[in-house]
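Trainee: Whatever this is, show me its structure:
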Amino acid sequence: MRFLIVTGMSGAGKTCAIKHLEDSGYQCMDNLPPMLVQQAFRLCEKVELDHPVALGVDSRSGAMFNAEAVIDAIAASADSHNISMLFLDADTETLISRYKETRREHPLMKNGKTLEECIALERELLQPLREHANYVLSTTGFKAREICSAVDELIAQGENHHSLRIEIMSFGYKRGIPRESDLVFDVRFLPNPFYIKEIRAYTGMEAPVRDYVMGREETRAFLVHLYGLVDYLIPLYQKEGKRRLMIAIGCTGGAHRSVAISEALCAHLCALGQSAHVTHRDTALEEASWPFRRDRASEG
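Mentor: Residues are numbered from 1 along each chain as shown. Model (predicted):
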């Protein structure tokens with residue numbers, strides 16, 4: 001049987017994705033407590049469903065939420081079922097904006113926590129699932145229709161057994177190396193924009209930091225070697241039948257150098273026709289810890 005675990009950040013579009021999957025022929029069960037995932041596998045097997053199943057699992061379980069229980073359930077059934085995981089994410093500003101629009105309360109909002117604190121806490125709780133996900137989709141800037149289209153595209157890529165899905169993740173060493181990494185590159189040798197007052201409040205996705213990092217001679221030289229190595233390895237991984245390649249690129253905090261390099265590598269691979277996707281694991285957490293972030297001057 002084919003199962004898809006749908007998880008991710010509250011406000012990132014999980015409900016939209018699950019409704020779309022249901023319209024696409026999936027049997028859907030939403031807000032399933034983690035300890036019942038294994039039982040759901042067995043139930044679906046018992047009734048011999050002839051169509052795929054989507055299970056929504058996330059922090060709405062409250063005190064019952066346990067990421068490791070989900071991971072263990074998948075591992076226990078991986079030999080007998082085709083199980084994959086979709087993790088939906090969005091940056092903190094997008095999540096806050098969506099909550100303001102819907103006026104709903106965050107599932108972790110209690111004990112006087114602010115919405116931003118709840119989002120940061122949820123990222124930590126869900127990080128193990130993010131690291132184990134087969135698909136990570138950032139819905140920042142997406143409308144409902146675009147979320148549905150992106151989910152369809154990701155799943156279609158996963159079902160194409162002749163393609164190699166390349167996932168690039170920037171991260172900060174201060175929060176640990178992603179456990180799912182196949183290749184890890186340390187870019188802490190590059191000059192750190194964090195120590196330049198005028199640009200430290202930006203991330204590697206924004207022009208001030210991106211231009212600084214990419215404009216360095218050592219960066220250009222490194223990218224020549226990085227592109228050459230990755231381009232050499234991809235056909236070899238494909239020859240061996242690998243379906244998913246996780247490339248992790250780390251710097252100290254995970255918001256500046258690693259982000260800029262990850263974006264550049266993804267653009268390079270996409271230009272070659274590869275199926276590549278980039279996510280930034282620690283950018284939002286790092287930004288939330290910056291006392292100077294709100295003092296950033298307007299680009300206008």
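Trainee: can we go C-alpha only for contacts and neighbour counts from here?
Mentor: OK.
Trainee: Tyr227 is in contact with Cys266, isn't it?
Mentor: No - with contacts defined as Cα atoms under 8 Å, Tyr227 does not count as touching Cys266, sitting 10.2 Å away.
Trainee: out of these two, which sits in the more crowded spot?
Mentor: Between Tyr227 and Cys266, Cys266 has the larger neighbour count (other Cα atoms under 10 Å), namely 21 against 15.
Trainee: helix/strand/coil for that one?
Mentor: The three-state label given to Cys266 by DSSP: H, G, I helix; E, B strand; the rest coil is helix.
Trainee: The one 10 residues further on now?
Mentor: Assigned with three-state DSSP, Ala276 falls in the strand class.
Trainee: okay, now it: neighbour count?
Mentor: The burial count for Ala276: 20, using other Cα under 10 Å.
Trainee: so Phe65 touches Leu36, yeah?
Mentor: No - proximity of Phe65 to Leu36 does not meet the contact threshold set by Cα under 8 Å, at 10.6 Å.
Trainee: More neighbours: which of those two?
Mentor: Phe65 (19 against 14).
Trainee: Next, count neighbours for the nearest residue to Pro33 once chain neighbours are set aside.
Mentor: Distance criterion Cα to Cα, 6 or more residues apart in numbering; nearest residue to Pro33, sequence neighbours excluded, is Ser61 at 5.5 Å. Neighbourhood size, Ser61 [other Cα under 10 Å]: 15.
Trainee: right, and Ser61 touches Leu36 too?
Mentor: No - in this structure, Ser61 is not within contact of Leu36 by Cα under 8 Å, at 11.1 Å.
Trainee: Can you list the residue ranges for strands in the stretch 151-300 of the chain?
Mentor: Using DSSP state E, counting those that start in this stretch, the strands of the stretch 151-300 of the chain run over residues 165-172, 183-186, 244-251, 275-280.
Trainee: tell me the most buried of these?
Mentor: strand 165-172 (a mean of 26; mean count of other Cα atoms under 10 Å).
Trainee: Counting by contacts, list what the helix or strand of the chain with the lowest mean pLDDT packs against.
Mentor: Ranked by mean pLDDT, DSSP states H and E, the weakest helix or strand in the chain is helix 144-159, scoring a mean of 82. Contacts defined by 3 or more Cα pairs under 8 Å, 6 or more residues apart in numbering; DSSP states H and E place helix 144-159 against helix 14-23, strand 135-138.
Trainee: Okay then, goodbye and thanks.
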